[in-house]
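*Asks:* 3D model of this:
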Amino acid sequence: MKQKTQSTHEKLLTESELELMQILWKLSEGSVADVIESISETPKPAYTTVSTLLRILEQKKIVTTRKEGRGHIYIPIVTREQYEGTAVRQVVNRVFEGTPVALVKQLLNSGDLNSKEMEEIRALIEKAGSQK
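*Replies:* Coordinates of the predicted model:
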């Protein structure tokens, strides 16, 4: 099986990493305490767990930090839109054999879209077609 090497920011995040990134994207930046405060689940994860995950995200070059007092403030490097693009490309390549049409077909056939969402998709397709 052939495996392609990917840069760190092109790899998918774990579920826990993605949860923390969603919080940081909303906050724009935050300390470990800020992130913990924004976690909705109870009981909240331990400070050390969140701190470790944020340091892993820093090692992966998904966030950067600046020193503030005795702690660090974590700032996203990768935007939500950049990550969404990476995730979609991964799904298309790995699940739909590199065929975006298969992804769209599955989405449309899933029955999970309401008429407003269908209209938005139609408008996006028309707009994209007119830009080429």
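*Asks:* hey, let's count contacts and neighbours off CA atoms from now on
*Replies:* Noted.
*Asks:* Can you give the contact residues for the helix or strand harbouring residue 93?
*Replies:* For residue 93, the element it lies in under DSSP states H and E is helix 80-95. Contacts of helix 80-95 with the rest of the structure, by Cα atoms under 8 Å, 6 or more residues apart in numbering, involve 9, 10, 11, 12, 22, 25, 98, 99, 100, 103.
*Asks:* Can you pick out the most distant pair from these?
*Replies:* Maximum pairwise distance in these, criterion Cα to Cα, is 29.5 Å, between 25 and 99.
*Asks:* And the residue nearest the centre of this structure?
*Replies:* residue 83 (4.5 Å; Cα atoms, centre = their mean).
*Asks:* quick one on the thing from earlier: wait, which of the contacts of helix 80-95 is closest to residue 112?
*Replies:* Out of those, the member with the shortest distance to residue 112 (by Cα to Cα) is residue 103, at 13.8 Å.
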